[in-house]
Structure formats: C-alpha cells, structure tokens
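[1] make a model of this:
(4 chains)
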Protein chains: 4
Amino acid sequence: MSINSFGHLFRFTTWGESHGPALGAVVDGCPPGLAIDEGMIQPYLDARRPGQSRFTTQRQEPDQVRILSGVFEGRTTGTPISLLIENTDQRSKDYSEVAKAYRPGHADYAYDAKYGFRDYRGGGRSSARETAARVAAGGVARLVIPEVTILAWVSAIGGDAIDMANFDAAQIGQNPFFCPDAQAAARWEGLVDQARKAGSSLGAVVECVATGVPAGWGAPLYAKLDAELAHAMMGINAVKGVEIGDGFAAAANTGEGNADPMRPADDGRNAGPQFLANHAGGIAGGISTGQPVTVRVAFKPTSSILTPMPTITREGEATELFTKGRHDPCVGIRGVPVVEAMMALVLADQKLLHRGQCG
Amino acid sequence: MSINSFGHLFRFTTWGESHGPALGAVVDGCPPGLAIDEGMIQPYLDARRPGQSRFTTQRQEPDQVRILSGVFEGRTTGTPISLLIENTDQRSKDYSEVAKAYRPGHADYAYDAKYGFRDYRGGGRSSARETAARVAAGGVARLVIPEVTILAWVSAIGGDAIDMANFDAAQIGQNPFFCPDAQAAARWEGLVDQARKAGSSLGAVVECVATGVPAGWGAPLYAKLDAELAHAMMGINAVKGVEIGDGFAAAANTGEGNADPMRPADDGRNAGPQFLANHAGGIAGGISTGQPVTVRVAFKPTSSILTPMPTITREGEATELFTKGRHDPCVGIRGVPVVEAMMALVLADQKLLHRGQCG
Amino acid sequence: MSINSFGHLFRFTTWGESHGPALGAVVDGCPPGLAIDEGMIQPYLDARRPGQSRFTTQRQEPDQVRILSGVFEGRTTGTPISLLIENTDQRSKDYSEVAKAYRPGHADYAYDAKYGFRDYRGGGRSSARETAARVAAGGVARLVIPEVTILAWVSAIGGDAIDMANFDAAQIGQNPFFCPDAQAAARWEGLVDQARKAGSSLGAVVECVATGVPAGWGAPLYAKLDAELAHAMMGINAVKGVEIGDGFAAAANTGEGNADPMRPADDGRNAGPQFLANHAGGIAGGISTGQPVTVRVAFKPTSSILTPMPTITREGEATELFTKGRHDPCVGIRGVPVVEAMMALVLADQKLLHRGQCG
Amino acid sequence: MSINSFGHLFRFTTWGESHGPALGAVVDGCPPGLAIDEGMIQPYLDARRPGQSRFTTQRQEPDQVRILSGVFEGRTTGTPISLLIENTDQRSKDYSEVAKAYRPGHADYAYDAKYGFRDYRGGGRSSARETAARVAAGGVARLVIPEVTILAWVSAIGGDAIDMANFDAAQIGQNPFFCPDAQAAARWEGLVDQARKAGSSLGAVVECVATGVPAGWGAPLYAKLDAELAHAMMGINAVKGVEIGDGFAAAANTGEGNADPMRPADDGRNAGPQFLANHAGGIAGGISTGQPVTVRVAFKPTSSILTPMPTITREGEATELFTKGRHDPCVGIRGVPVVEAMMALVLADQKLLHRGQCG
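    As a prediction, this is how the structure comes out:
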C-alpha cells in the first residue's frame, strides 16, 4: 500500500517518476461548475519550474499541464480531473554508480530495503519532481476556495533569516528566492552562489499564511486542520519540521504570553471576534478560528553534494559517492509553490468536509 | 465528518467527552493470536493518569481500562477490540461562565463556529481527557511491534532544556516530569511550582525515540512514515510543532553537515549498513532506514490560567474570563505517554501496511 | 484489516461478539444539532429483538441501547456517538463440540483458516447478533434523513411469495413475519412452524423501499448508490443476493420493456419529472432519480439445523455435527429491521457526500 | 466526493469520459517485483474491445494501453502504475438533442440533478467506455494473484439461458457472445440480430468463477469478500443484480438443501476439507472457504433504443427521444471481461489485506 493519495472529500492521487515519460495527478471530488482551464493552473507550475535561475536545478522542463478529463465547456463536471505533465529532459546519463551504491541522505537505501529494488534514475518516485503533480492539483484546489488567499515565502536560508521589519510581499516575485526582504535576498545571492560553486547545499525555512479561512473548518480529532497541515507539509520532499503559529516558541512560553485574547468585531456586528494576537496560527482544537492560518516548514539541505561521502554498495561493501549532475543547491526555494499547493489542497478538502457534515 | 479514526490497516477510533459517562477506543485490524489482557494496557494509562503529583491536574480518575471485545482466551481474535474507560470524577461544578463566553486559547469559539453549539463541560470532546483512549489503543499497538522499543521524555519546560550530557533513561520514571536529567528535574520542580501557584502555565518539548524499527517501513508519498508521525503528533492536544531528526536545525545546516554517511555493518554480514550519524531521524524518503526513529514535539502552555483575559460572549459582547478549577500547569508533561502511544500506533500500522504490500 | 466500519462521511464502526459482555457501534460524522435520545433508537432495536415469537431464536435479550457520547442536552454535538448494548443471555452451554469441529454452512472453518483460531461461543463475531449494533447505528442515520421514509418487509419464505395485490403496509406490524400480505402471513405460520419443529430452516426474501430520496444522491463510480446498497446488503449475515429495481428480471427484458419514460411533473412546476415506471429502482448511473429506491435481498436458510451433517474436526478428521440450542428457523425474518437500517445508513452517508461535493 | 477509486490496499482510481481525449487508471499499492509489460494487459482490453462483431457497438477503438509509471526494467516498483488509453473514435456527431432532453433509462437526468450540468457527449463519465480503464487495472490485479484462475461467461440473453449440460469452457472464445454452450450461441445469434435490427436491446446474465482462491481471504464485516464483490459488480454500468453462490435460489431452499457438508481432503493430508457442495459460492461469513468463488450478475438491456420514448427537456417540457448512433444491442456481452476484471481487483485487494493483518 503506497497510498499515493491525499485528502478525504477533495482527494488527489499522483503518479510518475523523475525519468518516466510523464507524471500526473487525478483530482477526485472537485465540486461541479467551477470555471477552469489549463491557463488557470499553469502559473503555479511556472513558479515551481526548474531552470529559471542559477539557484535551482538546470533541468529544463516546460511543465505544460494538460487536462484530460473532468472538464466540459470550460467548467468542472464533478468527475475526476486528470492532469498530465510530460517529462522532456530526462537526460540519458550514466546511472551505473547510483545503481550500484546508495547516495547518503537519499531514499536509495530505504527504497531498496522496502521494495527489493528501485528505479534509480534521478531518484525515481522519490524525486522532488513528483511535486509538480501536487502543484497542478493545488491549482485546482484554489478554485474551490476563492475566499482564501495563500502566500508563502522563504524566511531563512542556511540559518540566515529575513527581518520581518523588511517584509514586503511585492518583493517575493522580484528575486529568485521567493524572499520578501530585499536585503536578505541580496545576501542570499552570495550565500547560495557560494554553496552552489562549492558543490554544497543549504537548508531553508518556508512560511505560509492563508487569509480568509472562515472559522469552523477542520475537525476535532485525527483530521484536525493542524494535523492535516502537518501531514501535508511533512510529506513534501526534504521537509523535517512543521510548526503551526508560534510552534516551538510556544513551548518556551507561558499561558499569559501565549494567549490570543478576543474582542468584539470592530464594526459592532457579530462577524466573529477580533483577536488581539495569533500565537495559535489561526487554529484552536483543530478547527480554524477565522484568523490567518500560519505554517512554518523546515527544508533540509539537498543531500546531493559534490563532497564524496562514505556509503555502501548494494552488496554491502564500503565505497564513496558524490552526486554528479543537476541538482538544487537549496531545495527549499522551490518548496515555496509546493507548500502553497499543499495548503490549498488541505483547505479545499476541509471546506468540503465541513460543508458535508455541518453545511 | 469528524474523522475520529486514525490508521490504515491498524486503525483505531475514539469516542467520549471529558464529562460524559465514559470514553473509549475501538481498535480494528489487530492481528490475531497476540497474547493480551487489561494488565498489559493498564501501565500506559497509569503513566498518563492525572492527580499523581501536584504538577498535574488534581482530577482523580482511576482510568481502569476494560476490554469488551476482540479477545478470546487471552488472545486477540483479529476482530475489533473495544476498550472502555469510565469517567468517575466529572465534578458537577458550575459551568455557566464557560457556557456563556469563550475561553481564550481554548477550542470553545472554534467549536461553536463549526457546530453551532458545544458540550462546554470540561472542554467536551476537545479535552485532553480523550488522550486516555489513545493511550489505551497504543497499548494494543505495542503488542503488534514487539521488535520496537519506544521511549519518550520531556526535554524542556518553559524554555529550560535538559543537558543531554546528563541523559539517564533510568531517571525518567524517578521524577514527576518524565525527565531524564536529574538536575533539570530539580530545577523544574521550582519552575512548575511557581507557575502553578501563580495560576500560570508553561510549554514543554517532548522527545521520542523508537529503536528496533527495521528498514523499509513507511511509504513514499502521503503515507510517509514522517508525514504520518507529524499527523499523529500534531493531532495531540496543545501540540504546535513537530520535528523529525534534526528538524529545524537541518534548515540551518549544509549538505555536508547534515549527511548521514554509511559503513558496512560491523559484523561483516550484510545486516544493513552502519550509519555514522542520524540527522535524518531514521527516515529517508518517507521510509525507515533501520536507525532510531526520532521525533520532537512542542506543547504550548495550557490555555487555562488564572489571569483574566479579554474575550467575548456567545452573543459577541466583550467580557473577561479566567479558568477556575483543575488544570495541568504544564500539559506537556502528561503528553509523554500520549506521544509514545501515537508512535506505537503509527508504527504498528506501518508494519502491517508494509507486510500487506511487500510481505 | 478487518474493516469493521462502513460509510464515508457518515461512518459507523461496530464491535462485539455473540457471547462477549456487550456490543456496540461508534457513529462518526453525524451532523450536529439533531434532537436525539435513546428512545428514538430503541424502537428499531425492539423490532429486531429476538425471542418475541416462536418463529425467532429464544435467546432473551432486552437490547437496551445506551448513548455514551456525542450528545449534549438532547442534541448531537457532531462528535462520535458511542452506542452500547449489553449481552445478558449468553447462556453458558457446553461448546466443546463446536470448538472441536466445524459447523457446515457456518463461518467456523473460514474463520479458523483466516485467523488460526476463533471465538466459537455462539459464532463469536460472525453471529447475527452483531446486527443489533447496525440497527442502533441505523436509528441515528434516520435522524439525518428526515425527508426519507424507509419500509421493508418479507416478500417470500421458503419460496412462498406474497401476492402484491394483497399488499397492505399496515399488516407488516401485525404478524411475526413482517409480512404485508395477511394471507401469506397465515400460510407462513404453518410453514415456519413445520420447519422449526423439524429442526430445519427456511430462506427468505426481504424487500425495502425508500421514498422521499431526492434526485442527485449517489456518485458515478465506486460509490454508486446501487453499489453502496449492494455492499451494505450483501454484508448482512446470511445474505446471498441483492437486486436493485427489477434486478435479474431486467436481464430477461428488452430495452422497451425496461424503459422508465418521463413526463413533466403534474403540477406544471418543474419539481422533477413524473416517471411512468420504475424498473430502475430509483437509481440511474449510480445516482438517485427521485423515484422510490427499491432493493430486494435474498437470505439463505439458517445453517443451524438439527439434521446431522458430515463435517471435519479442527484436526481434519471426519465427523458429523448438528446444531443444538437456540436459533432462528428463518433468519430472514429478523433481517427486516437490519435491511432498513442499512438502507438508512447508506442514504445518510450519500446525503452528506452529496452536500459536501455539490451542496 | 465522486469516489472514483476502489480497493483498500490494492487500490485503483479511474478517470476519463466517453468523448474526452483519453481515459485511464492509476493502480496504487501493487506489490513490487512483479514482471509486467503492456502485452500482459492488452489481451484483456482486446477481449472487451468494441466493434469486433455486429453484436457490439461499431465504435472503433484500438484501446492500446500504455504504462506511464510504476514499472522499471520490466517489473513493478511498488509505486503507482498509471495506465493510459486514448480515445480515437469520438465521432463529432450532433449532440444537440441529447443536450436538450434526457434519454430515459440513462443517467442524463440524474447527473443533471446532481451536478447542475453534464458532459452529454456519449454519456460522458457514465458511459460504459469507463470500463476499459477497469479492465486495464484488472490486468495488473491478475499479476498479484497468479494462484487464481478467473473465468466468466454469458449464461443468458434476453431470458434464454444456456444448458449447463452443454458447458464447454473452450467454446467461450469461439463465439461473439462469450457463450460456453454452442447451441445457445447459435440461438443467440438470431436473437441478438433480431433485437439489433429492430433497434431494440436485450438484458443478459454473466457468471464468473474464480478457482484457486485459498481459504481465509475476506473479512468478517463491511469488507466481507461477498460484500466487496457485490459492490464491485453492482458498480458496473447496467448491472441491476448480484448473486453469490445460489443467490436468490437459496432464499427458496431449506437448511438441509442448502448445506455444504465437508469431508477430509482425499489425499489424507490436511490440505483443507473436501466440500460436498458449493451452495455458498465459496464464501462463508464473508471469508473464502477454498471452494470456487462464484458470482452471477444481471445486466439490464441497453437503454439506448430506436423506439421513441416520452421524456422531458432540461426545461421540464414533454418531448420524445430515441437514441441514434452506435450502441451495444446487449451490453451484457461486453460485460464479461469487466466482470472478470472486477473479480481480479477484489481478490488482489483481499489477498494483500489478508497478508497485512494475518500474514
């Protein structure tokens, strides 16, 4: 059971490997009647697309998405939406080294331990290339939640964090790092370049905020909004940590310091309370409060580096390996559109779940 | 859809509220033929039981678990195991204040926004009392994975962390904090006492390590072992952050610094590699590597404090509220047996999933 | 994976064995705010209750249902509803024969083949006693679909069918057979008595009609309304066949003969079409049409008979066995409330699913 | 929630409409290491392919399946297998009539009632063309259960049944009806021709037997082997009835007449009992007994006929409609490979489920 699906009512299934002919997603449960075409999904894929700067992998993929089903006369029909993305730049390099030995930090050894063998070309199914399918599915999810605005950015690379005082959303699209702080972006250019040239790699932190989520989405237990987000984010390649709201900082706080007091809404009408803080990240008891939903995600540095590392062969003998070829010096950068997509997918699902039970 | 179930093959469903007559869990999918009786589950409930020191809530609950089905002549039959725990100390206090206004930081407002009304007695379904059912289910899960040893502890309270140089597993059961560092335990006694007397509360960090997990459990996507653990842990009451292995520290690291190089196993036989580090926390590509599986979990400070906080009534008018009555000054402490239980439940499920697909 | 759950959004899980201390169901996903108490569920259990006439098993069970969670101040809260029914008449008879050999037609051999051993007391989990839990869950489901009226009856026993010309719904509650044809009921009294006295048993057909189901419930594929009903009904103990609408008679018909032509609604308003026939049983393409949903269910004769039958022991040696003790001479009779319950459970689930996706 | 997926551990999802560019299936959970290529799946699609005789629709589709993922060096990798079949003969006919009014007996009205609009070209998602995707997925399923042999045939058309005394499996592939009785096949040629020429259609019964299923597959409740088969079969387009073993005939039988007595295995070794009858169709208590698993499936006559039938327009006004264009005069015929595929898919899933829980 590989469970390549995610979601309850709004559910998607992805398939495809790094070096197969194509990859794709089947989105099931999308409400009918939503206006949709490829052009509404493509921008998200374009944001994730590799090869757009020297700070990401040089693999060239147009990542043009095709809708093969579930749409009629420009609207969703309520039947499954099949999304297809062709692989065009699976370079026929020599994989004999990777076939024989396990790259440290990669999924090679674990896949072999599980399945007995593996598609070693470019990481096969474990490649971050799979996230293209999620981003496409996320584009459909956004149509389901027009009331929600999702914004993600890189907030730290290699331990060098942005200054929130400099936060400017307009900056995010102006640099190759999805960085909202122009000064940090300038620093990161040198930082990532240095890592890239040294054949090294850097970790990163991605933050994501969803505004417009009404109070009441989520479920008390085992489909808690925060638990579902943690599941979604920790399932992204290279992610090692997830925080909701203040996250680990809350663990060092007191009840008073961590409180989110409430006041009546400004306009006098009972349109939900005005919160005086948002330590909780917009979620209480697993259910949205109407405040912005905030998530922080830790990406480890890419395991593919040029420094030779001790490892073993499939036969269990000692060897050394370094990763030749194209890779992201900081995989967290391209994690930004993926984090946004997963946020959209979780929220679309929770919206439908809420409507089903309480609508 | 409240989705009060967790797991795929080894799946449990919990029910019950803080002030109802009882709570329980139905464990479905347990393999047949395992030796079991109440005495094998009770110790885990005893570890979580409230009222055992002045550092936890003074609610007195024997938390005696009864097995109502799925067991015959001392062995599991493969049919669902119903576990029942009676509530005995639902104090009939005056809930009129909580009924009328929303406690800040609690799930009160979110529940009302979702369901239109709520069982306000002791938090109803959102109470951490529900975790007793998970701990009972976790006791069954442990029978499924005898090859695995699970150990959790509190590693920080209110920002005061243990010193790993002092780590002594034998200490964990010797103090009321599940603390492996005797010096830290001594400090925390003062710290938590102070918070308790001030009517305040403190956050905490819980760490959990599972040793003996063989390589190959987990699944590449959407049921990744790390994603399932993140889901499980973030679904525990008051949890705001989850890390696997180095977690957020990995985001500040380089590829070289974060590498887990491999060497052949010491004994010459190919019994899996010897890893030279475990930054990954025993999981690569969503699949276990055979190294210890390590998780860190952030618990926020209990929202129930004696300091009055601004809030609103159900009618949307401004008021102030503080939480009278019994509560945990540091809810993370009693989170330790819950984290262990969720670890066991995830691993039992993943073991069966792996056997189903690859066995 | 025993999968003791059913349903997608409105989902219930049952547990318990024939001779355990109790059995029950956990109903998850019930919408909040519905008026509910035990008295609204009990009548369905009373209809199914054994020992009410000489034509059903003489086991005496009050089958009093208790609600343990999910209800507050007389209304559902949206959290799981735990229903408990105690077993009170698990007679401590001698099971040594059943323990040693397999009763032909019973699940004894199959359970042993699957699980390696079995709870042989009264059939354990395979006993029709489990259906009490479904009937209780069905009572909750009915609250979710107040627009629907469900009526089931026995239409044939041992091949002796009712005459639809005599159909009188008021008769169903007037005889011990749930028979709408007074003349057939009179004949069956002799028929079933004869079987009972001879230690034999008889098969039966149960029909069920749900009126008031609006057009649009169901799903095109794999959760088709008819497929879900087939699943639900074939999962009832002793059921061997399910028909929707004309069922197998449709297979002997022509396209013209099987057509359900439509006319505009009588009242001129477009309140859905008026259908001139209902061969389809109210379902087209897996989705309800607004016509009555009709199902026919075949119950085999109880396998428990007094005639000794060749069988084998657990060790594989030849022996003979007949079933002493209490049993239903025609298990289909008490199938009527179970069929109604499963109809309610499927429809409640489909209503919520429809609302979630299309609401 | 359209739930276009089926199965628990071995799970497939289909997508595509009659007149879209393609349709397909994603098979998730297939065990790794199985030898596979397109040539091992294609024969099942060829058996189902339309246009091979005058007794099926004249739509010409090569139905060439392509494997897009999940296979490496000729073996399954354990990751999802994406199967794609292009539509090539979506004739650009005039659909204005079908767009405006509802074809009686078709899903047109129900889809509109559910989704608010529909893809009316060739029935869209409700077209039997979707079954090509299931047949492809079934081809993969067969690889998972090499111990099982599945054989299906048509046993009656328009009420004219085969004579089991004439049963000859070798005949099934020798006539265009999948008919094992040469004399019946000869009669059906006239029967179906007559219907075809008259623009009428006929119902049919398909039988399916799976031999080699070991005792122990299935689950006691809600995933009973018979319930899962009923779900699978009733979910096939045009199916209105499902029987396991004797089905409705059992409902007219006595306990003695319906018994399946057991004897020790002939060879003296305890290789499971020898059953003296198979009224149960190889399933007891929802679990396989080791006997052949037998299913009968009723297909209604195709609703597409040339006789004009009263119906209504989308605006609710009276009109008449008959179905021009290509259609199957007896859709049950091409149901044979679909029934076989669903049998394979259910058994593959149950095998993995059994191994997961009890393996």
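
[2] what's the spacing between the residue in the stretch 201-350 of chain A positioned nearest to chain D and residue C:357?
    Closest residue of the stretch 201-350 of chain A to chain D, C-beta to the nearest C-beta: residue A:349 (10.0 Å). Every C-beta, even on glycine, is put in place using the N, C-alpha and C of the backbone. Distance, residue A:349 to residue C:357, by C-beta to C-beta, to the nearest Å: 11 Å.

[3] any shared contact partners between the two?
    Taking C-beta atoms under 8 Å, 6 or more residues apart in numbering or on different chains as the contact rule, residue A:349 and residue C:357 both touch residue A:9.

[4] distance of residue A:136 relative to residue A:23?
    Distance, residue A:136 to residue A:23, using C-beta to C-beta: 9 Å.

[5] identify the contacts common to the two.
    residue A:85.

[6] pLDDT weak spots in chain A?
    Applying pLDDT under 70 to chain A flags the ranges A:1-2, A:91-94, A:267-271, A:325-326.

[7] now the helices for it?
    Applying DSSP state H to chain A gives helices spanning A:38-48, A:96-100, A:108-115, A:131-144, A:182-197, A:225-234, A:335-358.

[8] related to what we said a few turns ago, so the residue of the stretch 201-350 of chain A closest to chain D touches residue A:5, yeah?
    No - the pair residue A:349 / residue A:5 is not scored as a contact, 11.3 Å apart, by C-beta atoms under 8 Å.

[9] between the two, which contacts overlap?
    Common contact partners of residue A:349 and residue A:5 (C-beta under 8 Å, 6+ apart): residue A:11.

[10] neighbour count: these two, which is higher?
    Shown here are residue A:349 and residue A:5; by other C-beta atoms under 10 Å in any protein chain shown, residue A:349 has more neighbours (26 against 22).

[11] need the contact list for that one.
    A:7, A:8, A:9, A:10, A:11, A:141, A:228.

[12] near chain C, which residues of the stretch 151-300 of chain A?
    residue A:220 (C-beta under 8 Å from any C-beta of the partner chain).

[13] what about the residue of the stretch 151-300 of chain A found nearest chain C, how many residues close to it?
    Proximity of the stretch 151-300 of chain A to chain C (C-beta to the nearest C-beta) peaks at residue A:220, 6.2 Å away. Look at residue A:220: counted by other C-beta under 10 Å, it has 27 neighbours.

[14] can you tell me which of the helices of chain A is packed in deepest?
    helix A:225-234 (a mean of 29; mean count of other C-beta atoms under 10 Å in any protein chain shown).

[15] list of residues touching that one?
    For helix A:225-234, the external contacting residues (C-beta under 8 Å, 6+ apart) are A:6, A:217-219, A:239, A:242, A:244, A:281, A:283, A:286-288, A:293, A:295, A:297, A:339, A:342-343, A:345-346, A:349-350, B:224, B:226-235, B:239-240, B:242, B:244.

[16] quick one: it to helix A:131-144, angle?
    Angle of helix A:225-234 versus helix A:131-144, following axes from the mean of the first three to the mean of the last three C-alpha atoms, to 10 degrees, is 150 degrees.

[17] for the residue in the stretch 1-150 of chain A that chain C sits nearest to, which non-adjacent residue is spatially closest?
    Closest residue of the stretch 1-150 of chain A to chain C, C-beta to the nearest C-beta: residue A:9 (4.8 Å). Nearest residue to residue A:9, sequence neighbours excluded (C-beta to C-beta, 6 or more residues apart in numbering or on different chains): residue A:352, at 4.0 Å.
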